[in-house]
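Student: what follows is a protein structure lacking sequence information:
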(Lines give C-alpha, C1' and ligand atoms only; values in the text may rest on other atoms or scores of the structure.)
Protein backbone atom coordinates (compact mmCIF):
# COMPACT_ATOMS: atom_id res chain seq x y z
CA UNK A 1 0.00 0.00 0.00
CA UNK A 2 2.78 2.41 0.90
CA UNK A 3 4.52 1.62 -2.40
CA UNK A 4 1.36 2.42 -4.34
CA UNK A 5 0.94 5.70 -2.46
CA UNK A 6 4.60 6.61 -3.02
CA UNK A 7 4.19 5.94 -6.72
CA UNK A 8 1.11 8.14 -6.85
CA UNK A 9 2.93 10.93 -5.07
CA UNK A 10 5.70 10.81 -7.65
CA UNK A 11 3.31 11.03 -10.61
CA UNK A 12 1.85 14.52 -11.09
CA UNK A 13 -1.11 13.27 -13.13
CA UNK A 14 -2.08 10.68 -10.52
CA UNK A 15 -1.71 13.29 -7.77
CA UNK A 16 -3.97 15.65 -9.70
CA UNK A 17 -6.58 12.89 -10.05
CA UNK A 18 -6.37 12.07 -6.34
CA UNK A 19 -6.74 15.73 -5.41
CA UNK A 20 -9.73 16.16 -7.71
CA UNK A 21 -11.37 13.08 -6.19
CA UNK A 22 -10.72 14.38 -2.67
CA UNK A 23 -12.22 17.74 -3.58
CA UNK A 24 -15.33 16.04 -4.98
CA UNK A 25 -15.72 13.83 -1.91
CA UNK A 26 -15.06 16.79 0.39
CA UNK A 27 -17.75 18.74 -1.45
CA UNK A 28 -20.25 15.93 -0.89
CA UNK A 29 -19.36 15.85 2.81
CA UNK A 30 -19.70 19.65 2.99
CA UNK A 31 -23.13 19.50 1.33
CA UNK A 32 -24.30 17.00 3.95
CA UNK A 33 -22.81 19.13 6.70
CA UNK A 34 -24.67 22.21 5.43
CA UNK A 35 -27.95 20.27 5.51
CA UNK A 36 -27.35 19.46 9.17
CA UNK A 37 -26.08 22.96 10.04
CA UNK A 38 -27.83 25.32 7.59
CA UNK A 39 -26.82 28.47 9.51
CA UNK A 40 -23.15 27.52 9.66
CA UNK A 41 -20.38 29.35 7.85
CA UNK A 42 -20.32 27.76 4.39
CA UNK A 43 -16.68 28.55 3.64
CA UNK A 44 -15.48 27.11 6.91
CA UNK A 45 -17.61 23.99 6.49
CA UNK A 46 -16.27 23.52 2.94
CA UNK A 47 -12.70 23.84 4.18
CA UNK A 48 -13.28 21.55 7.16
CA UNK A 49 -14.96 18.88 5.00
CA UNK A 50 -12.11 18.88 2.47
CA UNK A 51 -9.53 18.69 5.25
CA UNK A 52 -11.43 15.92 7.07
CA UNK A 53 -11.46 13.91 3.85
CA UNK A 54 -7.74 14.40 3.22
CA UNK A 55 -6.82 13.70 6.84
CA UNK A 56 -8.94 10.56 6.79
CA UNK A 57 -6.92 9.22 3.89
CA UNK A 58 -3.67 10.18 5.61
CA UNK A 59 -4.81 8.57 8.86
CA UNK A 60 -5.46 5.27 7.12
CA UNK A 61 -2.05 5.36 5.41
CA UNK A 62 -0.42 6.06 8.77
CA UNK A 63 -2.45 3.39 10.55
CA UNK A 64 -1.29 0.66 8.20
CA UNK A 65 2.33 1.76 8.67
CA UNK A 66 2.43 1.20 12.43
CA UNK A 67 1.50 -1.68 14.71
CA UNK A 68 -2.13 -2.81 14.58
CA UNK A 69 -2.72 -1.57 18.13
CA UNK A 70 -1.32 1.89 17.40
CA UNK A 71 -3.13 1.99 14.06
CA UNK A 72 -6.48 1.30 15.73
CA UNK A 73 -5.77 4.02 18.30
CA UNK A 74 -4.92 6.53 15.57
CA UNK A 75 -8.11 5.76 13.66
CA UNK A 76 -10.18 6.09 16.84
CA UNK A 77 -8.56 9.45 17.59
CA UNK A 78 -9.26 10.66 14.07
CA UNK A 79 -12.90 9.59 14.39
CA UNK A 80 -13.24 11.39 17.72
CA UNK A 81 -11.72 14.62 16.35
CA UNK A 82 -13.79 14.44 13.17
CA UNK A 83 -17.06 13.79 14.98
CA UNK A 84 -16.42 16.80 17.20
CA UNK A 85 -16.00 19.04 14.14
CA UNK A 86 -18.98 17.58 12.32
CA UNK A 87 -21.21 17.96 15.35
CA UNK A 88 -20.34 21.60 15.95
CA UNK A 89 -18.77 23.35 12.96
CA UNK A 90 -17.58 26.92 13.46
CA UNK A 91 -20.37 29.39 12.81
CA UNK A 92 -18.30 32.53 12.18
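Tutor: Great, that's in hand. Everything numeric in this text was worked out from a predicted model, so none of it was measured.
Student: residue 49: neighbour count?
Tutor: 24 (other Cβ atoms under 10 Å). For glycine as for every other residue, the C-beta is placed from the backbone atoms N, C-alpha and C.
Student: right, and it touches residue 33 too?
Tutor: Yes: applying Cβ atoms under 8 Å, one finds residue 49 in contact with residue 33, separated by 5.7 Å.
Student: measure residue 21 to residue 41 for me?
Tutor: Counting by Cβ to Cβ, to the nearest Å, the gap from residue 21 to residue 41 is 25 Å.
Student: which of these two has more neighbours?
Tutor: When neighbours are counted by other Cβ under 10 Å, residue 41 comes out ahead of the other of residue 21 and residue 41, with 15 against 12.
Student: state the distance from residue 81 to residue 56.
Tutor: Taken as Cβ to Cβ, the span from residue 81 to residue 56 is 10 Å.
Student: more neighbours, those two?
Tutor: The neighbour count for residue 81 versus residue 56, taken as other Cβ under 10 Å, is higher for residue 56 (18 against 13).
Student: which element is the more buried one on?
Tutor: When elements are assigned from DSSP states H and E, residue 56 belongs to helix 42-63.
Student: got a list of contacts for that helix?
Tutor: With contact meaning Cβ atoms under 8 Å, 6 or more residues apart in numbering, helix 42-63 is reached by 1-2, 5, 22-23, 25-27, 29-30, 33-34, 37, 70-72, 74-75, 78, 82, 85-86, 89-90, 92.
Student: buried residues in that helix?
Tutor: Neighbour counts over helix 42-63 (16 or more other Cβ atoms under 10 Å) mark 44, 45, 46, 48, 49, 50, 52, 53, 54, 56, 59, 63 as buried.
Student: quick check: next helix or strand after it?
Tutor: Sequence-wise, the next helix or strand downstream of helix 42-63 (DSSP H and E) is helix 68-87.
Student: alright, that wraps it up for me.
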